[in-house]
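# How does the following fold in three dimensions:
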Amino acid sequence: MSLQAKSETSAPETIEAELPEGTVLHLWLKARHAGVEAKLFVAVDGNDIGEPSTRRTGEFEFFAVTLAKGGRATLSYDATTTALSVAYAFRPETVMKEGIRVMHSDARTAAPDVPDSYHFRPPFGWMNDPNGFGRFGGNAHLFYQHYPHEPRWNTMHWGHAVSKDFVRWRHLPMFLFPAAHLSEKDDGRGGAFSGSAIPGSGPEGEEIRVFYTEHVRDRQPEEQIQLSAVSRDGIVAGPSEIVMPLRPEGLNLTTDFRDPYVFKAPDGRWKMLLGSRDRQGGVVLLYETADAQGADGWTFLSILHREDGFGMTAAECPCMVPLSGKNAEPRWALIFGLLTSRDPATGRRNLTSVTVGGFDGRTFTAEFVQELDFGSDAYAFQAFVDGDEPVGIAWLANWTDFSKKDDFPTTMTLPRRMLLDGDTVLTPPVAAVESLRHQLLDDTALAAGKTVPLGTGAVEIVLDLTAPGAAFDLTFDHPDVDLGVKLDADGLAIVFDARTGMTPPRYVATGAKPSSLRIFLDAGSIEVFADNGRWTGSKRIPGFAAARSATLAGAVAGAGVWQLKL
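Below you'll find the predicted structure:
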């Protein structure tokens, strides 16, 4: 599909593209003025094929148009009466391999212009929690919380992308839409909130069953209920059905009741985890079903786990995967976010916990607990077992930095493996991340204490220390923030100060004494993996400016800087 857009100071606005037969257009438009109809004229080779129209002014209305014939497609509208948020095109038969082609997105809604960035971003709009992370039909699928019409939190949809290697993603059509009544206004009253996915029953392996929370503010008796939907083609979800209309009785739970994570337990049954809260703190609820498809029959078993640390409220986005260590019997990792938590020692907020122990399908016996990410900007972590080991991904942001009044573009973290080494969970990046290494920029100057230019700023820095815990101070010249990575007697730290005049939190893995590090810089983020992910830290950087150079103080055995590129 070749695309060409024409923008003029006066109406009409015209978007043109050469599109093949069978192309589907997804369009969102609304009226600019009450009582004046918004219209979009769709034509192929000059022949009109559709006129989507709406009088809605409160929120963009969705339309789908299929082209019976191929040719030169034209979308035209009067910009004084009609607002067009997003328009993209795809062919259902080839979209898994080709992805969608974005024909138009509003300037504010469009993805940032950072061509060298290698982290996952949506093609337009807002993104937060990863959802339904899994492999179906040979592809890794990533769904995510999404609002298409501006880079601010609002009515939740599910965006969708696929990949072969977890690093190079193709954007797919919008997968899951909020209930129609929630899309009438842009007031954020609710939508299709976070959840998970399991394989469906189809023979081709592309059928996907998703579970998610539908949230409707002030709905009685439940603001949050659990729904399920099936996609027969792995592209678009079918109708949703309620699978859990009520919270369990007698537990004195708040209205928090969300983020269903469905997985196969050691007893062969599907289990569901839900995050909630009672008067003492956060709780993780356990459900099960005997239904082989997980479609219905869900019954409450127990409170699987309780956590009240760091002043947290609800347990969010629970996730549970088996970890294979040296022992024959796998142990299970229970991961969840500690909403509103605050570490008094460092000032970090919204931490994520990993609790490892034994699990037989009904009872979880905790053995040890650790923090997932010392940078604390790896929230809503979700993992699944891919082959013989879990792979996870998280939202590279923190709710503390978020404001509904400001644009807040974000990315996902680099995808991470989950390994068990004794009583420690390691989270190194997936192997495919090494394929991003485009050019070796330096392997001598940084180690010698010289300042090294970082090219586009999309880099991986590899450090080998002279001894475990050997001190160093790596500083970056960044135009917007004070940034670095430091190892001293206190531990391993990401040094970050946004220059607001406020004292920033301390992003530190206390007592860490690594021997080697991989440090990933990108537009808007830094991620640190020490000793194969024994200590992992992620930090969002506001804006998209690139770090210009790096300088290292302290003796190291070796240092290398790689330019990264998709």
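# Residue 23 contacts residue 70, correct?
Yes - with contact defined as C-beta atoms under 8 Å, residue 23 counts as touching residue 70 (7.1 Å). C-beta here means a position set from N, CA and C on the backbone, and glycine is covered the same way.
# Between those two, tell me which one has more neighbours.
Comparing residue 23 with residue 70 by other C-beta atoms under 10 Å, the one with more neighbours is residue 23, at 22 against 15.
# Next one: the more buried one from residue 159, what distance?
20 Å (C-beta to C-beta, to the nearest Å).
# What of residue 324?
32 Å.
# quick one, which of the two is more surrounded?
Of the pair residue 324 and residue 159, residue 159 is the one with more neighbours under other C-beta under 10 Å, namely 24 against 16.
# And the helix or strand where that one lies, what does it pack against?
If you go by DSSP states H and E, residue 159 is part of strand 157-163. When contacts are defined as 3 or more C-beta pairs under 8 Å, 6 or more residues apart in numbering; DSSP states H and E, strand 157-163 packs onto strand 126-136, strand 139-147, strand 169-171, strand 190-199.
# Mean neighbour count added to the ones you listed, as JSON lines?
Below are the helices and strands packed on strand 157-163 laid out as JSON lines (neighbours: other C-beta atoms under 10 Å):
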{"stretch": "strand 126-136", "mean neighbour count": "25"}
{"stretch": "strand 139-147", "mean neighbour count": "24"}
{"stretch": "strand 169-171", "mean neighbour count": "20"}
{"stretch": "strand 190-199", "mean neighbour count": "24"}
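# For residue 343, which of these is the nearest?
With distances scored as C-beta to C-beta, the stretch of the helices and strands packed on strand 157-163 nearest to residue 343 is strand 126-136 (21.5 Å).
# Tell me the strands beside the closest one, with direction?
strand 139-147 (antiparallel) (DSSP bridges).
# residues in contact with the residue nearest to residue 201 when sequence neighbours are not counted?
Leaving aside its sequence neighbours, residue 201 sits nearest to residue 293 (C-beta to C-beta, 6 or more residues apart in numbering; 5.5 Å). Residue 293 is in contact with 200, 201, 209, counting by C-beta atoms under 8 Å, 6 or more residues apart in numbering.
# can you pull out the strands in the stretch 1-150 of the chain?
Assigned by DSSP state E, counting those that start in this stretch, the stretch 1-150 of the chain shows strands spanning 2-6, 13-19, 24-31, 38-39, 41-44, 47-50, 53-54, 61-66, 71-77, 82-90, 101-105, 126-136, 139-147.
# Among those, single out whichever gets nearest to residue 265.
strand 126-136 (16.3 Å).
# tell me the angle the closest one makes with strand 157-163.
Using axes from the mean of the first three to the mean of the last three C-alpha atoms, to 10 degrees, one finds that strand 126-136 and strand 157-163 are set 50 degrees apart in direction.
# hang on, the earlier thing: how about the strands of the stretch 1-150 of the chain in a markdown table, adding distance to residue 274?
Listed next are these as a markdown table, based on distance: least, C-beta to C-beta, whole Å:
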| stretch | distance to residue 274 |
| --- | --- |
| strand 2-6 | 43 |
| strand 13-19 | 43 |
| strand 24-31 | 32 |
| strand 38-39 | 40 |
| strand 41-44 | 43 |
| strand 47-50 | 42 |
| strand 53-54 | 37 |
| strand 61-66 | 29 |
| strand 71-77 | 43 |
| strand 82-90 | 32 |
| strand 101-105 | 35 |
| strand 126-136 | 14 |
| strand 139-147 | 17 |
